[in-house]
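*Asks:* Quick one: sequence and predicted model below, then my questions.
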Amino acid sequence: MNKKKAIFRIFLTTKSIMKAFLQKIDFMLLFFLALFMLTLTSFFFFEMPMKNYKKHNELPIMEIHQFILHRFNEQYIDINISGESMQQYQEKEVYKNFLGSKFNDDGSIEHLDGKEVWHIGDEYDFILGINYRKTPYIKFFSEKGVYNIVTEVFMGKGDFFIEDEGMKTMGKNIFYDKKTDVITAHNINSQILKVK
């Protein structure tokens, strides 16, 4: 019987100590400490939902949005380029939704626009197509293509068309060498246009 009384006294003593301890605790503080501990432990158990870059060169070094570039010659602006965005990487530059204009000495204007172009070394890769116009009459479109600025060769992929004052030519996979003025392509189809 004494053993039961001793256990009961220990129980009452423990209960009174716990009651005194609980009266001294600030439950708000205890809640935020538990929340803080949960946050710290979550770093070890959950993965961060970030893009996993395999190489450092996949991150742009520089990024510009809504840009306009002008190049001045001795007398006037001869090149004007604008675009939605430009990203520079270690090995390439990417231009999106761009429009370039070149003002020639003979009074003609050349326009070049596209959705996305990659500039790598001496080549411009128009991965989403290219539109080219030269005033007053020349128009050109290719679904895709690569232009080398050193060799001045354009190699198109997919459908293309060239339109000038009196003719429209369509086909696939155009090859144009500016130095020799040679154009070759597959499935060429031409139409003579009536001048109005």
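*Replies:* Nice, I can see it. Numbers count the residues shown, from 1 in each chain.
*Asks:* This protein: helices as residue ranges?
*Replies:* With DSSP state H, the ranges of helices along the chain come out as 2-24, 27-45.
*Asks:* what's the least confident stretch among the ones you listed?
*Replies:* Among these, helix 2-24 carries the lowest mean pLDDT, at a mean of 69.
*Asks:* what about this protein, any weak spots by pLDDT?
*Replies:* Applying pLDDT under 70 to the chain flags residues 1, 8, 11-12, 15, 18-30, 43-57, 195-196.
*Asks:* ok, and the closest non-adjacent residue to Lys178?
*Replies:* Spatial nearest neighbour of Lys178, chain neighbours left out: Glu152 (3.8 Å); criterion: C-beta to C-beta, 6 or more residues apart in numbering. Yep, even glycine has a C-beta here, placed from its N, CA and C like the rest.
*Asks:* My guess is Lys139 contacts Glu163. True?
*Replies:* Yes: look at Lys139 against Glu163 with C-beta atoms under 8 Å: they come within range, at 4.3 Å.
*Asks:* Compare the two (neighbour count), which wins?
*Replies:* Glu163 (17 against 14; other C-beta atoms under 10 Å).
*Asks:* Dump stretch 83-96 to CSV, restricted to CA.
*Replies:* Only the C-alpha atoms of stretch 83-96 are listed here, as CSV (Å, rounded to 0.1, in the frame of the first residue of the first chain):
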residue,chain,number,x,y,z
GLY,A,83,14.4,43.6,-80.5
GLU,A,84,12.5,42.1,-77.7
SER,A,85,15.5,40.5,-76.0
MET,A,86,19.1,39.6,-76.4
GLN,A,87,21.1,37.1,-74.3
GLN,A,88,24.8,36.7,-74.5
TYR,A,89,26.3,33.4,-73.5
GLN,A,90,30.0,32.3,-73.5
GLU,A,91,29.8,30.9,-77.0
LYS,A,92,26.8,32.5,-78.6
GLU,A,93,24.3,35.4,-78.7
VAL,A,94,20.6,34.9,-79.0
TYR,A,95,18.3,37.6,-80.4
LYS,A,96,14.5,37.3,-80.1
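*Asks:* buried residues in that stretch?
*Replies:* Across stretch 83-96, burial judged by 16 or more other C-beta atoms under 10 Å covers Gly83, Ser85, Met86, Gln87, Tyr89, Glu93, Val94, Tyr95.
*Asks:* Repeat that for stretch 133-144.
*Replies:* Buried, per 16+ other C-beta under 10 Å, within stretch 133-144: Arg133, Lys134, Phe140, Phe141, Ser142, Glu143, Lys144.
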